[in-house]
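S.K.: Prediction below, plus the sequence it came from.
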Amino acid sequence: MKKAKATSDVAERTKLYEQAQEIFKKEAPWGTIDHSLAVVPMAKGVTGFTQSPLGDFTFETVDISE
């Protein structure tokens, strides 16, 4: 990791990071999981909105109070 961070050669850095990933996979006591956090800002008066895990928006159940 230190060597990869220190080199400006993209091909060398890529090779070193790939080697590090192999070591992590063999020796690490954790499983890697990819996820993201999507935030949808809205006014306080909005109710009934649920965020879809697919990224689309549906508004059938949404209501706005004043």
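M.R.: That came in fine, so what should we check first? Residues are numbered from 1 along each chain as shown.
S.K.: Break down this protein into its helices, ranges please.
M.R.: Along the chain, the stretches classed as helices by DSSP state H are 2-6, 10-27.
S.K.: Just the buried residues of stretch 24-32, please?
M.R.: Neighbour-count burial for stretch 24-32 flags no residue at all (criterion: 16 or more other Cβ atoms under 10 Å). Backbone N, C-alpha and C define where each C-beta goes, glycine included.
S.K.: okay, the helices of the chain in TSV with distance to residue 41 and mean pLDDT next?
M.R.: Shown next, in TSV, are those (distance: least, Cβ to Cβ, whole Å; pLDDT from 0 to 100):
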stretch	distance to residue 41	mean pLDDT
helix 2-6	35	93
helix 10-27	35	92
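S.K.: So what's the residue count around the closest residue to residue 47 other than its chain neighbours?
M.R.: Sequence neighbours aside, residue 63 is the residue nearest to residue 47 in space, at 5.1 Å (criterion: Cβ to Cβ, 6 or more residues apart in numbering). Residue 63 is flanked by 10 other residues according to other Cβ atoms under 10 Å.
S.K.: hang on, the earlier thing: would CSV of the helices of the chain with distance to residue 45 be doable?
M.R.: Written out in CSV, the entries for those read as follows (distance: least, Cβ to Cβ, whole Å):
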stretch, distance to residue 45
helix 2-6, 48
helix 10-27, 47
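S.K.: okay, the residue nearest to residue 47: pLDDT?
M.R.: As predicted, residue 63 sits at a pLDDT of 94.
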